[in-house]
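Chemist: fold the stuff below for me.
(2 chains)
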Amino acid sequence: MEKFQTVSGVAAPMPLVNIDTDMIIPKQFLKTIKRTGLGANLFDEMRFNRDGTEVTDFVLNKPAYREAEILVAGDNFGCGSSREHAPWALGDFGIKVVISTSFADIFYNNCFKNGILPVVLPKEAVDVLMEDAERGSNARITVNLEDQTVSATDGTEFKFEVDAFKKHCLLNGLDDIGLTLQKAASIDSFEVGYAAQAPWV
Amino acid sequence: MSAPKTLYDKIWDAHVAHEAEDGTCLLYIDRHLVHEVTSPQAFEGLRMAGRTVRAPEKTIAVPDHNVPTTLDRANAETMTEDSRIQVEALDTNAKEFGLHYYPVSDVRQGIVHIVGPEQGWTLPGMTVVCGDSHTATHGAFGALAHGIGTSEVEHVLATQTLIQKKSKNMKVEITGSLKPGVTAKDITMRVIGETGTAGGTGYVIEYCGQAIRELSMEGRMTVCNMAIEGGARAGLIAPDETTFEYCKGRPHAPKGAQWEMAVESWKELFTDEGAHFDKVITIKGEDIAPSVTWGTSPEDVLPITATIPSPEDFEGGKVDAVRRALDYMGLESGTKLSDVEIDTVFIGSCTNGRIEDLRAAAAVLKGKKIKDGMRAMVVPGSGLVRAQAEEEGLAQIFLDAGFEWRMAGCSMCLAMNPDQLSEGERCASTSNRNFEGRQGYKGRTHLLSPAMAAAAAVTGKLTDIRDFA
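Modeler: Next comes the predicted model:
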């Protein structure tokens, strides 16, 4: 996984609440056996008409937001299915940060496995950033994971919380499995004790 | 004496294989269920890193999401090319890594969350994960069960653990008894109506109270299945005699002395008196009505006797969401839900595809016909549910009423196979999600119980089961 760098750029506003993973990547695109190439179908049913032409007023189709690296979204972003295709599609499109007041649990975890930073901020802060985002390329938002800050265009800084272990992995592009396998001895000894206690498992 | 613990605390504590100073744990996983859609990239990742499956004997694979449900499905040509590739990939991976495997041709094949309990893989006190959000279903056994992403699938395959931090505890108590016509589906939808789809975020819910105790295992699975729609990591119900009775004699349940030993330990799986819950919700069972969704989020739920709300009834970001939902659903504020006409009925899914669900629907349909022009299908949750329903004469009732009687799979719950709504079609569905496009592009979904779905098939509109004769 690539190391997460500070992101500074245009943010796309998606104020709709409860944007679910079916919206982010509809099921017909889950039939792939690869992790790549899903960006073309990110938000497919909101972004494209049935004939493949673009829905002109969808945010990511507007000239100002076609290269957006940040999404500012309504409450409970990423609810619904566990499909990791959702962060795969966001990442493949070029989104590196999603900012919201809240995220669904599984989606939130999936982001970190794919170099995407989900940032939780209070409503007042998200409102400010949403307003910034509405201003298109006239506004830039900066997200610094090291310092755990999001800076609005006028320089206002919002501090965010993130789990220290998740932050460490994202900043260093670390592979979870490799880290866990270093603790294989703990797993081995747990298994021995557990098998004696619950042999039917 | 140690501090009182919740059921979740007890299961969690029994599975921590390693704890770091910051509280990050390696949680040991007892059962890993795998299906064809969220696993191919995980197996590919293992291969690329030269890793293997640590505990194939605890890993169960079954294709369900995009398998056809038509009777001729044994013919591979009925599957689209990309679906066939995914199913074949599962087949290859299951065999290469030596997993327990139920291929499409096996009568035991079905929806992964129905097969697990049916085969006795899911047992009280276990940790169960699957690359599918409805893994919450298995919580009905007093097992800690939740959905994971594909990277985590790979992590569990390689290490039999998950990197986790503990969630908070929420108690949802349903007191008293349910009234006639009210089901487990109505309980779980009512809870989501109270909490909203994000109300459970960061929590594991324990459902308790008399109305929960009075449910069968099938009903309890329906309740826990939709815990995820309320945002919770998992839903749990403490095991009791009903649970033990269900598990006893299942192919992979313990036998003989081990069974006795297991039951003794399962009897410890309850929340201690005085244990701390971070959030408590109490609902009177008698206050729960047969319910139906009207919008595009599972929280958009009301009793069947209600009228469709207006965007102005809501606050904040929900105002626009409701406006969008009503437009998508083609509904007017103020319309009575019981006046909404439907053209399709889907009975099935991991929420309501078990034998009890089919019995409830068949009881409504016996001697009746579905409305002219109605498209109605029953998709049993597994091949064994299908076989049992045929033996009990339920299949014939469905066929006589005009329903299609299909093979097992996820089917129109997520419409990855050809079972889909067309643009503008309106479906009374026993599934779990009414999201935009969930059952097909521009398709419209109303979630409800199996009996309510069956009644709707007959009358052609959403119907109060209590008025249906």
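
Chemist: B:Pro450 against B:Ser429, yeah?
Modeler: No - using Cβ atoms under 8 Å, B:Pro450 is not in contact with B:Ser429, being 10.3 Å away. The way it works is simple: take the backbone N, C-alpha and C, and place the C-beta from them, glycine included.

Chemist: neighbour-wise, which of the two wins?
Modeler: Between B:Pro450 and B:Ser429, counted using other Cβ atoms under 10 Å in any protein chain shown, B:Ser429 has the larger neighbour count: 31 against 28.

Chemist: how close does the more buried one get to B:His100?
Modeler: To B:His100, B:Ser429 is 31 Å away according to Cβ to Cβ, to the nearest Å.

Chemist: B:Ala456 too?
Modeler: 38 Å.

Chemist: of the two, who's got more company?
Modeler: B:Ala456 (32 against 18).

Chemist: so what's the more buried one closest to, chain neighbours aside?
Modeler: Distances taken as Cβ to Cβ, 6 or more residues apart in numbering or on different chains put B:Ala428 closest to B:Ala456, at 4.0 Å, once the chain neighbours are dropped.

Chemist: so what sits opposite that neighbour in the bridge?
Modeler: Following DSSP bridges, B:Ala428 is listed with bridge partners B:Val345, B:His446.

Chemist: alpha carbons of the helix ranked longest in chain B, as PDB, please.
Modeler: When chain B is parsed with DSSP state H, its longest helix is helix B:81-97. C-alpha atoms of helix B:81-97 as PDB (Å, rounded to 0.1, in the frame of the first residue of the first chain):
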ATOM      1  CA  GLU B  81     -19.800 -14.800 -18.200                       C
ATOM      2  CA  ASP B  82     -18.600 -12.700 -15.300                       C
ATOM      3  CA  SER B  83     -20.800 -14.500 -12.700                       C
ATOM      4  CA  ARG B  84     -19.600 -17.800 -14.000                       C
ATOM      5  CA  ILE B  85     -16.000 -16.700 -13.600                       C
ATOM      6  CA  GLN B  86     -16.600 -15.700  -9.900                       C
ATOM      7  CA  VAL B  87     -18.400 -19.000  -9.100                       C
ATOM      8  CA  GLU B  88     -15.600 -20.900 -10.800                       C
ATOM      9  CA  ALA B  89     -13.000 -18.900  -8.900                       C
ATOM     10  CA  LEU B  90     -14.700 -19.900  -5.600                       C
ATOM     11  CA  ASP B  91     -14.800 -23.500  -6.700                       C
ATOM     12  CA  THR B  92     -11.000 -23.500  -7.500                       C
ATOM     13  CA  ASN B  93     -10.100 -21.600  -4.300                       C
ATOM     14  CA  ALA B  94     -12.300 -23.900  -2.100                       C
ATOM     15  CA  LYS B  95     -10.600 -27.000  -3.500                       C
ATOM     16  CA  GLU B  96      -7.100 -25.700  -3.700                       C
ATOM     17  CA  PHE B  97      -7.100 -24.500  -0.100                       C
END
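
Chemist: how about the strands in chain A?
Modeler: Secondary structure of chain A (DSSP state E): strands at A:7-9, A:11-14, A:70-73, A:97-100, A:117-120, A:141-144, A:149-151, A:157-159.

Chemist: which one of the ones you listed is the most hemmed in?
Modeler: For these, the largest average neighbour count (mean count of other Cβ atoms under 10 Å in any protein chain shown) is found in strand A:70-73, namely a mean of 27.

Chemist: note down every partner strand of that one and its orientation.
Modeler: In the sheet, strand A:70-73 lines up with strand A:11-14 (parallel), strand A:97-100 (parallel) (DSSP bridges).

Chemist: for chain B, what's the longest strand?
Modeler: Longest strand in chain B, counting by DSSP E: strand B:168-175.

Chemist: what about stretch A:170-182, start to end distance?
Modeler: 18 Å (Cα to Cα, to the nearest Å).

Chemist: buried residues in it?
Modeler: A:170, A:175-177, A:179-181 (16 or more other Cβ atoms under 10 Å in any protein chain shown).

Chemist: so which of those residues reach chain B?
Modeler: A:176-177, A:180-181 (Cβ under 8 Å from any Cβ of the partner chain).

Chemist: what's the nearest residue to B:Gly460 if we skip its chain neighbours?
Modeler: Here the residue nearest B:Gly460, using Cβ to Cβ, 6+ apart, is B:Lys371, at 3.8 Å.

Chemist: same question, A:Lys166
Modeler: Nearest one to A:Lys166, counting by Cβ to Cβ, 6+ apart, is A:Phe112 at 4.9 Å.

Chemist: B:Arg406 too?
Modeler: Spatial nearest neighbour of B:Arg406, chain neighbours left out: B:Thr69 (3.9 Å); criterion: Cβ to Cβ, 6+ apart.

Chemist: I'd say that neighbour and B:Ala408 touch.
Modeler: Yes - counting by Cβ under 8 Å, B:Thr69 touches B:Ala408, with 7.0 Å between them.

Chemist: have a look at these two and say which one is more surrounded.
Modeler: Under the criterion of other Cβ under 10 Å, the comparison of B:Thr69 against B:Ala408 puts B:Ala408 first, with 29 against 23.

Chemist: ok, that one touching B:Pro380?
Modeler: Yes - the pair B:Ala408 / B:Pro380 is scored as a contact, 5.2 Å apart, by Cβ under 8 Å.

Chemist: give the residues shared as contacts by these two.
Modeler: By the contact definition Cβ atoms under 8 Å, 6 or more residues apart in numbering or on different chains, B:Ala408 and B:Pro380 are jointly contacted by B:110, B:353, B:386.

Chemist: how close does the second one get to B:Val379?
Modeler: Noted for B:Gly353: a distance of 7 Å to B:Val379, by Cβ to Cβ.

Chemist: may I see the buried residues of the longest helix seen in chain A?
Modeler: Identified as the longest helix of chain A according to DSSP H is helix A:184-197. For helix A:184-197, burial by neighbour count (16+ other Cβ under 10 Å) applies to A:186-187, A:190-191, A:194.

Chemist: list the contacts of the closest residue to A:Arg83 other than its chain neighbours.
Modeler: Nearest residue to A:Arg83 in three dimensions, chain neighbours excluded: A:Thr21, at 5.3 Å (Cβ to Cβ, 6+ apart). By Cβ under 8 Å, 6+ apart, A:Thr21 lies in contact with A:78-83, A:85-86, A:104, A:107.

Chemist: what is the nearest of these to chain B?
Modeler: Nearest to chain B, judged by Cβ to the nearest Cβ, of the contacts of A:Thr21 is A:Ser82 at 3.8 Å.

Chemist: contact partners for the closest one?
Modeler: A:21, A:106, A:110, B:38, B:131-133, B:135, B:147-149 are the contacts of A:Ser82 under Cβ under 8 Å, 6+ apart.

Chemist: can you pull the pLDDT of it?
Modeler: pLDDT recorded at A:Ser82 is 96.

Chemist: export stretch B:419-436 to CSV, keeping only CA atoms.
Modeler: The C-alpha coordinates for stretch B:419-436 follow below in CSV (Å, rounded to 0.1, in the frame of the first residue of the first chain):
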residue,chain,number,x,y,z
ASP,B,419,-33.7,-11.8,-10.7
GLN,B,420,-34.2,-8.0,-10.9
LEU,B,421,-36.8,-5.3,-11.0
SER,B,422,-37.2,-3.3,-14.2
GLU,B,423,-37.4,0.5,-14.1
GLY,B,424,-40.3,1.7,-12.1
GLU,B,425,-41.5,-1.7,-10.9
ARG,B,426,-42.7,-1.7,-7.3
CYS,B,427,-41.9,-4.7,-5.1
ALA,B,428,-43.1,-5.9,-1.8
SER,B,429,-40.0,-7.6,-0.6
THR,B,430,-39.0,-9.7,2.5
SER,B,431,-35.4,-8.6,2.1
ASN,B,432,-33.4,-6.1,4.1
ARG,B,433,-32.5,-3.1,2.0
ASN,B,434,-34.6,-0.6,0.1
PHE,B,435,-31.7,1.4,-1.3
GLU,B,436,-32.0,3.1,-4.7
